[in-house]
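**Student:** This is a predicted model, with the sequence first.
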Amino acid sequence: MSPKISRRFSEIYHHQGTDALHECAERLLLLGKRRRLVSLARFVISEDIDDPGLIRHGINSLLVLGQEQKAKTLFLNSRENLNSFPGYISMLDRYFARFEIFCGLEQSLQELQNRLRYEFVYGASDASFIADLSSFTDIILVSNSLDISFSDEEKGCMLAMKKPLFVYFNIGNPILCQAREEFYPASASELLIGSYQHVVDEDHRLIFQPLIGHRFLGCWMRIERQWHADWRNVWKDAFDHANPDVMCRELKEALMIEALYPLSLASVRPGDSVKRVPTIGAIAIALADALREQPGSLLRRVWAAGFSLSPSYIFEACFGINLHDFPFEALALESRIANGTVRIIGSTDSARSELGARKHLSIAGLSVEKLNRSLRRPKT
C-alpha cells in the first residue's frame, strides 16, 4: 500500500469515521477496483480498526484477483477480527482446504452420475418427462449472472443447434432474457428449475416469463421440507390458478440431498446443525450430466452459460448462505469442464461484484415482491 493511499484512507477515517470508509468501499466495489479494496482492508488492520466488514472486502478481492495464498494469509492474520461472521469463517476454512477435503472428487462424481441414471430408469415418477429431456441435442444452463454476454460466434453456435433446451433458474436472468431472440433457433425450448419460494411472486405467479413462440416445458421445482405442508395444502392450487397451463413437476428432496451431495453439515445456530443442500445450479448440472449418459439419449453437449462459481458469487452475492457447499460445487464444475462433459459458453467480468436476485430484478425494471420475502415477514 502506497503512503499516498494510506494517507487518503487516514483522512477519510479521522474526519468522517468508519461509515465513510464503508461508502468508499462500496464505490470501489462498484468500480471493480479490487486492489484498492485490499489496501483499505490492510489499512483497517494496521490501524486496529474493529470493522470485520471492511476486512472481508479485502479477502474477497484477493480471491477475485486470483491471489488465493495472499487471501489466505490476510484471513489468518485477521481471523479473530472476523468472529462476528462465523459462517464466513467456516466457508473460508472449507474453501481453502477444498482440495484436501474432496481428494476423491472424480469417484464421487461418477457415483453420483450412476445413481442418477439408475433413478431415471427405475425410480422416476414421470418417465415420459425424462425421455423428453433426453430428446434434446444440447442443454444450455443459463446462470443468473448479471453481466453474462455472448459473442457473435457463440450466438451463431446456439442458433445452429438442432434441438436445444435452455434451462433457467429461479428468477430466470431477466436482463439476458430481453435478448433471447438473438441466440434462439426456432427449435429452442425452455425449462425453469428452482426452489418454489424463489420462483414465484407473493401471488404465486412465475417471475420468469417464457418466450412466446417457443415451447415451455414448465417448472421443475424443489419444495423445501419446511414448506411441504404449505405446498400440498395451499401453494400447489395457488400456482395452478396463477399460472394456467404451466406444468409443474416436483424434484425429490431426498434424491437431491442424499444423492447429489456429499455428507456435509452446516451450523445454522449454536448447537444446531443441518445437512448442506445443493444449489439449483449444481442440481441442474448433475442432472444434465447424467441425462447425457442415459441409454438412448440424444443429448450430446451440456453447456454452462455464465457459471463460474466465482469467489464474488460465493463470498459476496451469497454471503451468509452457509447451507450450500460452494467449495465442493466449484471443484465439481471445474472437473466437468476439464473432462469435457460440460462446456463453457458466454463470458462474464470476473472482477465485477455479483448481485443478488433483488438487485437483479430492480436493474431489470421489475417491481416484484418474491414469495420468499413475504415468508420472512413477522406474523402479526
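**Tutor:** Cool, the structure landed.
**Student:** Let's test this: mean pLDDT of stretch 299-308, rounded?
**Tutor:** Mean per-residue pLDDT for stretch 299-308: 90.
**Student:** In it, which residues are buried?
**Tutor:** For stretch 299-308, a neighbour-count test (16 or more other CB atoms under 10 Å) marks 299, 301, 302, 303, 304, 305, 306, 307, 308 as buried. In this view, the C-beta of every residue, glycine as well, is placed from N, C-alpha and C.
**Student:** Which secondary structure elements does the strand or helix carrying residue 312 sit against?
**Tutor:** Element membership of residue 312, judged by DSSP states H and E, is helix 311-312. Packing partners of helix 311-312 (3 or more CB pairs under 8 Å, 6 or more residues apart in numbering; DSSP states H and E): helix 52-64.
**Student:** for the record, mean pLDDT for the helix it packs on?
**Tutor:** When pLDDT is averaged along helix 52-64, the result is 94.
**Student:** Stretch 245-265 too?
**Tutor:** Computed over stretch 245-265, the average pLDDT equals 74.
**Student:** how long is it end to end?
**Tutor:** With CA to CA, to the nearest Å as the measure, the first residue of stretch 245-265 is 39 Å from its last.
**Student:** Return stretch 117-129 as PDB; C-alpha atoms alone will do.
**Tutor:** The C-alpha trace of stretch 117-129 is given here as PDB (Å, rounded to 0.1, in the frame of the first residue of the first chain):
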ATOM      1  CA  ARG A 117     -29.100 -42.700 -14.100                       C
ATOM      2  CA  TYR A 118     -30.500 -45.500 -12.000                       C
ATOM      3  CA  GLU A 119     -33.100 -43.100 -10.700                       C
ATOM      4  CA  PHE A 120     -34.100 -42.100 -14.200                       C
ATOM      5  CA  VAL A 121     -34.600 -45.700 -15.200                       C
ATOM      6  CA  TYR A 122     -36.100 -47.200 -12.100                       C
ATOM      7  CA  GLY A 123     -37.300 -44.500  -9.800                       C
ATOM      8  CA  ALA A 124     -38.600 -41.700 -11.900                       C
ATOM      9  CA  SER A 125     -42.200 -40.800 -11.200                       C
ATOM     10  CA  ASP A 126     -42.500 -39.300 -14.700                       C
ATOM     11  CA  ALA A 127     -40.600 -41.500 -17.200                       C
ATOM     12  CA  SER A 128     -42.000 -39.600 -20.100                       C
ATOM     13  CA  PHE A 129     -40.600 -36.300 -18.800                       C
END
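**Student:** Which SSE is immediately downstream of the helix holding residue 312?
**Tutor:** Using DSSP H and E, the helix or strand that follows helix 311-312 in sequence is helix 326-339.
**Student:** Could you list the residues in contact with that next one?
**Tutor:** With contacts defined as CB atoms under 8 Å, 6 or more residues apart in numbering, helix 326-339 is touched by 91, 94-95, 97-99, 101-102, 105-106, 109, 261-262, 264, 278-279, 281-282, 285-286, 289, 304, 307, 309, 314, 318, 342-344.
**Student:** what separates stretch 318-336 from the chain centre, distance-wise?
**Tutor:** Centre-to-centre, stretch 318-336 and its host chain are 9 Å apart (CA atoms, centre = their mean, to the nearest Å).
**Student:** same deal with stretch 81-95?
**Tutor:** 19 Å.
**Student:** And stretch 237-250, by the same measure?
**Tutor:** Distance, stretch centre to chain centre, for stretch 237-250: 25 Å (CA atoms, centre = their mean).
**Student:** Likewise for stretch 339-353?
**Tutor:** Relative to its chain's centre, stretch 339-353 lies at 13 Å (CA atoms, centre = their mean).
**Student:** Tell me where the model's unsure across the protein.
**Tutor:** 1, 123-125, 253-260, 263, 267-271, 319-320, 350-362, 364-365, 376-380 (pLDDT under 70).
**Student:** my guess is residue 246 meets residue 216, correct?
**Tutor:** Yes: with contact defined as CB atoms under 8 Å, residue 246 counts as touching residue 216 (7.3 Å).
**Student:** so where do the strands sit in the stretch 101-250 of the chain?
**Tutor:** Secondary structure of the stretch 101-250 of the chain by DSSP state E, counting those that start in this stretch: the strands cover 138-142, 164-169, 189-195, 215-222, 248-251.
**Student:** between those strands, which one is nearest to residue 272?
**Tutor:** With CB to CB as the criterion, residue 272 lies closest to strand 189-195 of the strands of the stretch 101-250 of the chain, at 21.1 Å.
**Student:** what's the closest one packed up against?
**Tutor:** Using 3+ CB pairs under 8 Å, 6+ apart: strand 189-195 touches strand 164-169, strand 215-222, helix 280-292.
**Student:** ok so, going back, including mean neighbour count, could the strands of the stretch 101-250 of the chain go into CSV?
**Tutor:** Compiled in CSV, the strands of the stretch 101-250 of the chain are given as follows (neighbours: other CB atoms under 10 Å):
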stretch, mean neighbour count
strand 138-142, 25
strand 164-169, 25
strand 189-195, 22
strand 215-222, 20
strand 248-251, 17
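**Student:** need these in JSON lines with distance to residue 10, can you?
**Tutor:** Listed next are the strands of the stretch 101-250 of the chain as JSON lines, based on distance: least, CB to CB, whole Å:
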{"stretch": "strand 138-142", "distance to residue 10": "45"}
{"stretch": "strand 164-169", "distance to residue 10": "44"}
{"stretch": "strand 189-195", "distance to residue 10": "46"}
{"stretch": "strand 215-222", "distance to residue 10": "49"}
{"stretch": "strand 248-251", "distance to residue 10": "53"}
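**Student:** Of all these, which one is nearest residue 20?
**Tutor:** Closest approach to residue 20 among these is made by strand 164-169 (37.4 Å; CB to CB).
**Student:** and the closest one, which strands flank it?
**Tutor:** Strand pairing for strand 164-169, determined by DSSP bridges: strand 138-142 (parallel), strand 189-195 (parallel).
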